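**Q** what's the 3D shape of this:
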Amino acid sequence: MSGSLNSRQVRYIIASVFNTIFGYAAIVFLHALLYPAYNMIVVGVLANILGITVSFSTYRIFVFMSNGNWLIEYLRCYMVYGGVALISIVGLWLLVDVLGLSVWLAPLIITPVCFIASYVSHSKFTFRQKLLPDAPSQTNSDA
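**A** All right, here's what the predicted structure looks like:
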């Protein structure tokens, strides 16, 4: 690849934009539907479960076109998002509390890091394809 995006990376960007909009809409919708009967923690947990499930589906079907075991991939997806959340939380803490950056600037720095970490993790872990053994090589024999 000569520095340009390949089609899977472009599909990942498209899916990520969709997933981000969906996740935002899920929070707003669930808040309107459930709050104040249920607090924001409940709303946030439900929105995250819904958002991760939709993200998993778009990445599995549209981006990585996986035909692996969906349950294993779904659980791996949660592991990736847990790791990305950890990167985000620690990164924001370092940028805002330790380095004193603005809370408005810090997410602009940490989001691309999380985006790249998520892509690499999904491609290498969540939706990794098992390599098939090479076909036996045919040798030329002059018999």
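**Q** give me phi/psi at residue 104?
**A** phi -80, psi -30 (degrees, to the nearest 10).
**Q** Distance check, the closest residue to residue 105 other than its chain neighbours against residue 103.
**A** Leaving aside its chain neighbours, residue 105 sits nearest to residue 95 (7.7 Å; criterion: C-beta to C-beta, 6 or more residues apart in numbering). Every C-beta, even on glycine, is put in place using the N, C-alpha and C of the backbone. Residue 95 sits 9 Å away from residue 103, going by C-beta to C-beta, to the nearest Å.
**Q** In terms of neighbours, single out the busier of these two.
**A** The residue with more neighbours, out of residue 95 and residue 103, is residue 95; 19 against 10, by other C-beta atoms under 10 Å.
**Q** Apart from its chain neighbours, what residue comes closest to the one residue sitting closest to the centre of the chain?
**A** Nearest to the mean C-alpha position of the chain, counting by C-alpha atoms, centre = their mean, stands residue 118 at 4.5 Å. Leaving out its chain neighbours, the residue that sits closest to residue 118 by C-beta to C-beta, 6+ apart is residue 84, at 5.1 Å.
**Q** Could you list the residues in contact with stretch 121-131?
**A** The contact list for stretch 121-131 (C-beta atoms under 8 Å, 6 or more residues apart in numbering) reads 8, 12, 56, 59-60, 63-64, 66, 68, 73, 76-77, 79-80, 83-84.
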